[in-house]
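Q: Structure for the following, please:
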Amino acid sequence: PGLVRRGPGAGAPIVGELFRVSPAGLGRFLAALPAPMALTSVELSDGRAVVGFSCTHDAVDGATDITEFGSWVAYLAASRPVSTS
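A: Next comes the predicted model:
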(Lines give C-alpha, C1' and ligand atoms only; values in the text may rest on other atoms or scores of the structure.)
Protein backbone atom coordinates (compact mmCIF):
# COMPACT_ATOMS: atom_id res chain seq x y z
CA PRO A 1 0.00 0.00 0.00
CA GLY A 2 1.09 3.55 -0.56
CA LEU A 3 0.36 6.52 1.65
CA VAL A 4 -0.11 9.88 -0.01
CA ARG A 5 0.25 13.09 1.98
CA ARG A 6 -2.88 15.23 2.06
CA GLY A 7 -3.26 18.84 3.12
CA PRO A 8 -4.01 19.97 6.67
CA GLY A 9 -7.36 18.65 7.86
CA ALA A 10 -7.60 16.18 4.99
CA GLY A 11 -6.99 12.47 5.07
CA ALA A 12 -7.54 10.06 7.94
CA PRO A 13 -5.55 8.24 10.60
CA ILE A 14 -3.96 4.99 9.49
CA VAL A 15 -2.68 2.26 11.81
CA GLY A 16 0.91 1.28 11.08
CA GLU A 17 3.95 -0.25 12.69
CA LEU A 18 6.89 1.51 14.30
CA PHE A 19 10.40 0.03 13.95
CA ARG A 20 13.73 1.11 15.41
CA VAL A 21 16.27 1.19 12.56
CA SER A 22 19.87 2.37 12.67
CA PRO A 23 20.87 5.28 10.40
CA ALA A 24 23.05 2.90 8.36
CA GLY A 25 20.18 0.41 8.04
CA LEU A 26 17.81 3.17 6.98
CA GLY A 27 20.29 4.29 4.33
CA ARG A 28 20.55 0.76 2.92
CA PHE A 29 16.79 0.43 2.97
CA LEU A 30 16.32 3.74 1.15
CA ALA A 31 18.90 2.79 -1.48
CA ALA A 32 16.91 -0.36 -2.28
CA LEU A 33 13.44 1.24 -2.13
CA PRO A 34 11.82 1.17 -5.58
CA ALA A 35 9.94 4.10 -7.08
CA PRO A 36 7.22 5.29 -6.55
CA MET A 37 7.79 4.48 -2.87
CA ALA A 38 9.64 7.06 -0.79
CA LEU A 39 10.56 7.85 2.78
CA THR A 40 9.05 10.97 4.31
CA SER A 41 8.14 12.53 7.62
CA VAL A 42 4.96 11.01 9.07
CA GLU A 43 3.08 12.56 11.98
CA LEU A 44 1.97 10.10 14.68
CA SER A 45 -1.19 10.50 16.75
CA ASP A 46 0.92 11.71 19.71
CA GLY A 47 2.36 14.53 17.59
CA ARG A 48 5.79 12.99 17.02
CA ALA A 49 7.25 13.03 13.52
CA VAL A 50 9.01 9.86 12.36
CA VAL A 51 10.38 8.56 9.07
CA GLY A 52 7.71 6.61 7.22
CA PHE A 53 6.55 5.45 3.81
CA SER A 54 4.79 7.48 1.19
CA CYS A 55 4.31 7.33 -2.54
CA THR A 56 3.85 9.90 -5.26
CA HIS A 57 0.37 11.18 -6.09
CA ASP A 58 0.55 9.83 -9.64
CA ALA A 59 1.27 6.33 -8.30
CA VAL A 60 -2.24 6.04 -6.87
CA ASP A 61 -4.12 7.02 -10.04
CA GLY A 62 -6.65 4.23 -10.52
CA ALA A 63 -5.66 2.50 -7.27
CA THR A 64 -8.17 1.29 -4.68
CA ASP A 65 -8.51 3.72 -1.77
CA ILE A 66 -8.45 1.65 1.43
CA THR A 67 -8.48 4.59 3.86
CA GLU A 68 -11.91 3.59 5.24
CA PHE A 69 -10.40 0.35 6.60
CA GLY A 70 -7.87 2.23 8.74
CA SER A 71 -4.99 -0.15 8.04
CA TRP A 72 -3.54 -2.51 5.47
CA VAL A 73 -4.18 -5.48 7.80
CA ALA A 74 -7.86 -4.56 8.20
CA TYR A 75 -8.23 -4.19 4.43
CA LEU A 76 -6.70 -7.62 3.84
CA ALA A 77 -8.96 -9.20 6.47
CA ALA A 78 -12.05 -7.59 4.96
CA SER A 79 -11.16 -8.68 1.43
CA ARG A 80 -10.54 -12.36 2.26
CA PRO A 81 -13.31 -14.75 1.31
CA VAL A 82 -15.22 -16.14 4.28
CA SER A 83 -14.74 -19.90 4.70
CA THR A 84 -17.95 -21.90 5.16
CA SER A 85 -16.27 -25.14 6.21
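
Q: which outside residues touch stretch 9-21?
A: Here stretch 9-21 makes contact (CB atoms under 8 Å, 6 or more residues apart in numbering) with 3, 5, 29, 42, 44-45, 50, 52, 67-68, 70-71, 73-74. C-beta here means a position set from N, CA and C on the backbone, and glycine is covered the same way.

Q: are any of those buried, and which?
A: Buried by 16 or more other CB atoms under 10 Å: L3, V42, G52, S71, out of the contacts of stretch 9-21.

Q: For the second one, which non-adjacent residue is spatially closest?
A: By that I understand V42. Spatially, and ignoring its direct neighbours in sequence, V42 is nearest to G52 (3.2 Å; CB to CB, 6 or more residues apart in numbering).

Q: List the contacts of the one you found.
A: Listed by CB under 8 Å, 6+ apart, the contact partners of G52 are L3, G16, L39, T40, S41, V42.

Q: State the distance from V73 to P34.
A: To P34, V73 is 22 Å away according to CB to CB, to the nearest Å.

Q: A strand includes V73, no?
A: No - according to DSSP: H, G, I helix; E, B strand; the rest coil, V73 belongs to no strand; its state is helix.

Q: For V42, pull up the helix or strand it's in.
A: Here V42 is covered by strand 37-43, with elements defined by DSSP states H and E.

Q: Listing partners with orientation, what would you give for that strand?
A: Paired strands of strand 37-43, with direction, are strand 49-55 (antiparallel) (DSSP bridges).
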